[in-house]
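[1] return a 3D structure for these sequence lines:
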Amino acid sequence: MRKANDKSLKEAIEQMLQVYKIKRRFDETAIIAGWPELVGKPVANRTKEIFIHDKKLFLRIESSVIKNELMMMRTQIISKINDEAKGILIEEIIFL
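    The predicted structure follows:
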């Protein structure tokens, strides 16, 4: 039986991440690690560089065809990332 002030392990970890201001970094790392699931393995395999800085997702894609596809899907990708992060993690995608 849980007491009223008991927290689940997930809640405790979330609170700790917020307190130590590392939630954003944790979320950013999760997005980069989850890139293959987000866009699929063929696209992920053509992604040569990926990093996040100042709410911008920077991508270097080796295929111009895939790069153009991602440019057209930019809004959906940003929405999907922010939905999974439960907040505004990415505002813009920049292709290098």
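
[2] just the residues contacting stretch 8-19, thanks.
    With CB atoms under 8 Å, 6 or more residues apart in numbering as the test, stretch 8-19 has contacts from 7, 23, 26. For glycine as for every other residue, the C-beta is placed from the backbone atoms N, C-alpha and C.

[3] let's see if you can find the most crowded of those residues.
    residue 23 (19 neighbours; other CB atoms under 10 Å).

[4] what about the nearest residue to it once chain neighbours are set aside, how many neighbours?
    Closest residue to residue 23 apart from its sequence neighbours, by CB to CB, 6 or more residues apart in numbering: residue 17 at 4.1 Å. Look at residue 17: counted by other CB under 10 Å, it has 15 neighbours.

[5] hmm, back to that, can you redo the contacts of stretch 8-19 as JSON lines with pLDDT?
    Formatted as JSON lines, those follow (pLDDT from 0 to 100):
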{"residue": "7", "pLDDT": "74"}
{"residue": "23", "pLDDT": "74"}
{"residue": "26", "pLDDT": "80"}
